[in-house]
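Q: the following block contains a protein sequence and its predicted model.
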Amino acid sequence: MHQFWLVRHALVHPDSLCYLYGTDDVPLCETTMQAQSGRYAALAARLPRPARLICTPLSRTRLTADALIRAGYPKSEPEIDPAFVEQNFGQLQGMPIARFDERGHTERHPFWPIHAAETPPGGESFAHLITRVGEGLEALLGSATGEHTIIVSHGGAIRAACAHALGLTPHQALCLQIDNISLTRLEFNDRGWRILSMNEHPAESISAEPK
């Protein structure tokens, strides 16, 4: 049995929220992080120990992991794994969010800036993201030495991980809600994949203990 503890990174700076940033290395909102210190402490207490810690190449995941360590999680040096980075939107990155509605409702997902099957010029489709993240999870399973892996990642990649576990279509996966500083738990055992929790807010469920 192996459990994956997927944490979405902290909220980015408000200046970045008005456009599609994807794999751009945008800064976090320090004001929000300070105001939510109790939330970080609750999540740090919820996470398993010992565990393998994974971050993506983007600084917002590493800085979120650092915040969890400051909030009480044992000091750990994360491994950097690009398999779990956000969807690459190619030439659409940097486009104001408001402009995506102008492309027509048939060309975008109701909860995502573009259609689930669309491959942006120079980027990747959400279907490709599911494949990439799924291969990353399987690779971590193959190299695991303990029972728990924490992955600080991105909303799209966590949806993709759930799609891999449950066999969801890209459209279905993009309907999942994954908040900043939320926890989603997957498990792989001798019967296969399953989801233990999704979009969990540990400040509200701190009594639950890791298996």
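A: Sure, I can see it. Numbering: from 1, shown residues only.
Q: what about the closest residue to Arg70 other than its chain neighbours, which SS state?
A: Residue nearest to Arg70 in three dimensions, not counting chain neighbours: Tyr40, with 7.6 Å by CB to CB, 6 or more residues apart in numbering. The C-beta positions use only the backbone N, C-alpha and C, and glycine is treated the same way. Assigned by DSSP: H, G, I helix; E, B strand; the rest coil, the conformation of Tyr40 is helix.
Q: now do Tyr40 against Ala98, distance only.
A: Here the distance between Tyr40 and Ala98 works out to 31 Å (CB to CB, to the nearest Å).
Q: helix, strand, or coil at Glu187?
A: When states are read from three-state DSSP, the local structure at Glu187 comes out as strand.
Q: could you report the neighbour count for it?
A: Other residues near Glu187 come to 17 when the count uses other CB atoms under 10 Å.
Q: for Gly146, see how far away the closest residue to it other than its chain neighbours is.
A: With sequence-adjacent residues excluded and distances taken as CB to CB, 6+ apart, Glu187 is closest to Gln3, at 4.9 Å. Gln3 sits 10 Å away from Gly146, going by CB to CB.
Q: more crowded one of those two?
A: With neighbours defined as other CB under 10 Å, Gln3 and Gly146 compare such that Gln3 has more, 19 against 11.
Q: where does that one land in three-state SS?
A: On the three-state scheme (three-state DSSP), Gln3 is labelled strand.
Q: that one touches Leu186, doesn't it?
A: Yes. Using CB atoms under 8 Å, Gln3 and Leu186 qualify as a contacting pair, with a distance of 7.0 Å.
Q: so what's in contact with these two at the same time?
A: Applying CB atoms under 8 Å, 6 or more residues apart in numbering, one finds that Gln3 and Leu186 are jointly contacted by Leu196.
Q: who's more crowded, Tyr40 and Ala98?
A: More crowded of Tyr40 and Ala98, by other CB under 10 Å: Tyr40, with 23 against 9.
Q: surely the more buried one and Ala67 touch.
A: Yes. Using CB under 8 Å as the test, Tyr40 is close enough to Ala67 to be in contact (5.3 Å).
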